[in-house]
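> Provided below are the primary sequence and the corresponding predicted coordinates.
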Amino acid sequence: MNSRERVRIAMALGEPDRVPVFCQLAIGHYFLNAGGSPLDIWYRSDAFADALVQLQQRYRFDGILVNLPGRDPDFESHIDSIDEGSSETTIRWKNGGYSLVPRDDNPHYFQPDGSRYFPTLDEVRPEALWYVEPWDITDVTYPYTWGFEAEPRPFDDFFPRYHLDAIRAVVRRVGEEVSVHSEIFSPFSQFLDLLNYESALMALLDDPAKTHACLERLTLGAIDLAGRQAEEGVDAVLISSAFAGAGLISREQYAEFVLPYERRIIQEVHARHEGVKVYTHTCGAIGDRLDLMLQTGTDGIDTLDPPPIGTVELEEAVPRLKGVAFIKGNIDPVNTLLYGDRERVRDAVLHRLSVAKEGGGYILSTACSVPPAVRPELLEYMSEIAIQHGGYG
């Protein structure tokens, strides 16, 4: 059984030959450990695809999450100068803006005056929204334009062809053997990225009607993008809904501003793309809303952060989720991997297997992204233990 088959069976709530294992890696982890330069990995689709495949093979992961959009192959024509620093690189663009590219973290784009741009709620017209990509090379713009394009694109041709280049490259290279997953941002996450978090959270209280109008539009764009990714041959689409935990919004706000929009995305993908799974990534404190997450119709729940970084005790979550949605995660990426050692990793893996393995439907993973500074040998060891002890029958 190859990795792709193994993950497919687990996502269908079955028992493959063994529990699959794969984690989402922080972009900074690729910068530090994939061999390429941060500039190449961030700005070149082929270099990012190379980094994804290289670390999947090194860590013996059964899947790859392609979690950056493809890049404009002509991006270099917009560069004015590049200044290499000891801890980060500064790219100065011909339009006067600049980007800071750290050695171990996501780059950001800045206006000529050093600020980052976010529109106000008053400026935003819901009918002008389609999708907000926070990791485009110029961060968030409004009305939304890709990179250095001068004009917004029409909604029926909103995503440039290069946007899917990294997915195409990974599927082409390993898609027959390895489970390839893509990522879209939930409407709620897009809304927070558009306005910046404090302003967006205040909008839930100050103008819920306009908030809902924005979320409606962003749902249409998310459906559009998910469908395009599915057509490229991914096995699953991850809805990144990182900010929908109890640390930011209540259960009642989740039910109002998150649940109906994610449910619509999932329903549309299921209806239009048979066999493609859709699952949900929400960080932190979600122990109080697992039932609401299931009401979206999600095929699986990712992260399940344990205390102290979250509120999900796996022993309590498994009876609620088993047989309804697949489970992915629950290993603490900070205290087990970043600050841990081989003994702590072994204990964590064996405990998760003892709690969640039986009956299938479990993918062993860290709760959230693997931090940049995690030692690669600990990830190698994590997979080794999972492979040794995760077998069925």
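Sure thing, it's come through.

> Give me the next element, helix or strand, following the top helix by length along the chain.
Using DSSP state H to define each element, the chain has its longest helix at helix 208-231. Going down the chain from helix 208-231, the next helix or strand is strand 236-240, by DSSP states H and E.

> export the longest helix of the chain as PDB, just CAs?
Written as PDB, here are the backbone C-alpha positions of helix 208-231 (Å, rounded to 0.1, in the frame of the first residue of the first chain):
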ATOM      1  CA  PRO A 208     -22.900  42.200  11.600                       C
ATOM      2  CA  ALA A 209     -25.000  42.800   8.500                       C
ATOM      3  CA  LYS A 210     -22.100  44.100   6.500                       C
ATOM      4  CA  THR A 211     -19.900  41.300   7.900                       C
ATOM      5  CA  HIS A 212     -22.300  38.700   6.600                       C
ATOM      6  CA  ALA A 213     -22.400  40.400   3.200                       C
ATOM      7  CA  CYS A 214     -18.600  40.200   3.000                       C
ATOM      8  CA  LEU A 215     -18.600  36.600   4.200                       C
ATOM      9  CA  GLU A 216     -21.100  35.700   1.500                       C
ATOM     10  CA  ARG A 217     -18.900  37.000  -1.200                       C
ATOM     11  CA  LEU A 218     -15.700  35.500   0.200                       C
ATOM     12  CA  THR A 219     -17.500  32.100   0.300                       C
ATOM     13  CA  LEU A 220     -18.100  32.300  -3.500                       C
ATOM     14  CA  GLY A 221     -14.400  32.900  -4.100                       C
ATOM     15  CA  ALA A 222     -13.400  30.100  -1.700                       C
ATOM     16  CA  ILE A 223     -15.700  27.700  -3.600                       C
ATOM     17  CA  ASP A 224     -14.200  28.800  -6.900                       C
ATOM     18  CA  LEU A 225     -10.600  28.200  -5.700                       C
ATOM     19  CA  ALA A 226     -11.400  24.900  -4.000                       C
ATOM     20  CA  GLY A 227     -12.900  23.700  -7.200                       C
ATOM     21  CA  ARG A 228      -9.900  24.700  -9.300                       C
ATOM     22  CA  GLN A 229      -7.600  22.900  -6.900                       C
ATOM     23  CA  ALA A 230      -9.700  19.800  -7.000                       C
ATOM     24  CA  GLU A 231      -9.500  19.800 -10.800                       C
END
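
> Pull out the buried residues from that helix.
211-230 (16 or more other Cβ atoms under 10 Å). Glycine gets a C-beta too; all of them are placed from N, C-alpha and C.

> those helices in the stretch 1-150 of the chain, which residues are they?
Counting by DSSP state H, counting those that start in this stretch, the stretch 1-150 of the chain has helices at residues 3-11, 27-33, 38-43, 45-59.

> follow-up on the earlier one: so what does the longest helix of the chain touch, helix or strand wise?
For helix 208-231, the packing partners by 3 or more Cβ pairs under 8 Å, 6 or more residues apart in numbering; DSSP states H and E come out as strand 179-185, helix 187-195, helix 197-206, strand 236-240, helix 251-257, helix 259-272.

> what about 10 Å?
Applying 3 or more Cβ pairs under 10 Å, 6 or more residues apart in numbering; DSSP states H and E, we find helix 208-231 packed against helix 165-174, strand 179-185, helix 187-195, helix 197-206, strand 236-240, helix 251-257, helix 259-272, strand 277-281.
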